[in-house]
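*Asks:* Let's see this in three dimensions:
(one chain, ligands or ions: 2)
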Amino acid sequence: MPYVITSKCIDVSDQSCVEECPVDCIYVGDRKLYINPKECIDCGACEPVCPVEAISQDRRVPDEDKEFVEDNRRFFTEVLPGRDAPIGAPGGARKVGEIGVDTPLVADHPGS
Ligand code: F3S
Ligand code: F3S
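*Replies:* Numbers count the residues shown, from 1 in each chain. Ligands and ions are numbered 1, 2, ... in the order given. Predicted coordinates:
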């Protein structure tokens, strides 16, 4: 079960989590970051370092943020605005750099 980043990350994007991840599977959008569910190895190292407690295991995401479980997946499987193909599983966030866009859910989200 992968970890996911919820609404609390929106407009905070602290990025401490990125430093902790041993497989570099946390990708930078615009207002928020996203964990690649195909690349996360469930080590849990990212969870305690987030200052706003935005990260949790998918089955522990609070009810009000449940849509973010699917939305983290969507960031990688659907074509994001301004791109011609899904991000997929490129095997490392640093090598692709900041994506600079969000899923529609996050782009239109009022924030936490
Ligand atoms: Fe966001 Fe927390 Fe990481 S605010 S960027 S999930 S450390
Ligand atoms: Fe990385 Fe967190 Fe998964 S540190 S491997 S995104 S549980």
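
*Asks:* okay, which residue is most central for the protein?
*Replies:* Geometric centre of the chain, nearest residue: Y34, 1.1 Å, by Cα atoms, centre = their mean.

*Asks:* K8 is in contact with V52, isn't it?
*Replies:* Yes: between K8 and V52 a contact is recorded at 4.6 Å, counting by Cβ atoms under 8 Å. C-betas here are computed from N, CA, C, even on glycine.

*Asks:* right, and the residue nearest to the centre of the chain touches I26 too?
*Replies:* Yes: the criterion here is Cβ under 8 Å, and Y34 meets it with I26 at 7.3 Å.

*Asks:* now the strands: where do they sit in the chain?
*Replies:* Listed in chain order, the strands of the chain (DSSP state E) span 3-5, 26-28, 33-35, 55-57.

*Asks:* Let's test this: mean pLDDT of the last one, rounded?
*Replies:* It refers to strand 55-57. Here strand 55-57 scores 97 as its mean pLDDT.

*Asks:* does ligand 1 sit close to it?
*Replies:* Yes: with Cβ under 6 Å from any ligand atom as the criterion, ligand 1 is reached by strand 55-57 at I55.

*Asks:* before we move on, what about the third one?
*Replies:* Yes: on the criterion Cβ under 6 Å from any ligand atom, strand 33-35 is in touch with ligand 1 at L33.
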